[in-house]
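Asks: Coordinates for the following, if possible.
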Amino acid sequence: MQSAHSLTLGLIREETFQVEEQHTAYHIGSGDERVLGTPWMISFMERVSNRLVAEHLPEGFMSVGVHVDVRHLAATPVNAAIRVRVEVTHLEGGRVSLVVEAWDTHDKIGQGQHTRALVERQRFLERVMRKQESQA
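Replies: Now for the predicted structure:
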């Protein structure tokens, strides 16, 4: 997709999330402790990225995550708040690259890169339906 969107370099979005028991490494089986699990940190980063991109797409388009390269830098306990910040850093064809970062009240807890592909929603859903039908 190369037209009719208002995505520009430097767009930023920030959101805050509360770490709950369901977000812990222990709960999801990715670790032994009740601290924010890396898969959930990445999920929060993708969620904020998706929302930022979605605000700037025309009707009938959406974005899907296609690449994540993230480092989890510090542990965050249950009940702590984390702040996630994403910024558009590169636009090429139907791809959007973002810097993703997260902090709790003490430390920077995560950082990395995330890429999303811009797709036509109807075409995407048709492909999914064909896969579903082939399984029947």
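Asks: biggest helix in this structure by residues?
Replies: With secondary structure taken from DSSP state H, the chain has its longest helix at helix 38-54.
Asks: Next SSE downstream of that one?
Replies: strand 61-72 (DSSP states H and E).
Asks: who's in contact with that following strand?
Replies: 1, 5, 38, 41-42, 45-46, 49-50, 53-54, 57, 95-96, 100, 109-121, 124 (CB atoms under 8 Å, 6 or more residues apart in numbering). In this view, the C-beta of every residue, glycine as well, is placed from N, C-alpha and C.
Asks: do that again at 6 Å, thanks
Replies: 38, 41-42, 46, 53, 110-121 (CB atoms under 6 Å, 6 or more residues apart in numbering).
Asks: what distance separates the helix or strand following it from the middle of the whole chain?
Replies: Next in sequence after strand 61-72, counting helices and strands by DSSP H and E, comes strand 81-92. Between the centre of strand 81-92 and the centre of its chain there are 9 Å (CA atoms, centre = their mean, to the nearest Å).
Asks: gap between the most centrally placed residue in the chain and Glu59?
Replies: Nearest to the geometric centre of the chain sits Glu46, at 0.5 Å (CA atoms, centre = their mean). For Glu46, the distance to Glu59 equals 22 Å [CB to CB, to the nearest Å].
Asks: any idea how far Ser63 is from Leu52?
Replies: Distance, Leu52 to Ser63, by CB to CB: 9 Å.
Asks: These two - which one has more neighbours?
Replies: With neighbours defined as other CB atoms under 10 Å, Leu52 and Ser63 compare such that Ser63 has more, 25 against 22.
Asks: Give the bridge partners for that one, please.
Replies: Assessed by DSSP bridges, Ser63 has beta-bridge partners Leu118.
Asks: separation between it and Ser49?
Replies: 8 Å.
Asks: pLDDT score for the closest residue to Ala25 other than its chain neighbours?
Replies: Excluding the flanking residues, the one nearest Ala25 by CB to CB, 6 or more residues apart in numbering is Gly31, at 2.9 Å. Per-residue confidence at Gly31 stands at 94 (pLDDT).
Asks: likewise Gln2?
Replies: On the pLDDT scale, Gln2 is placed at 47.
Asks: again, but for Arg123
Replies: pLDDT, Arg123: 97.
Asks: Understood, closing this out.
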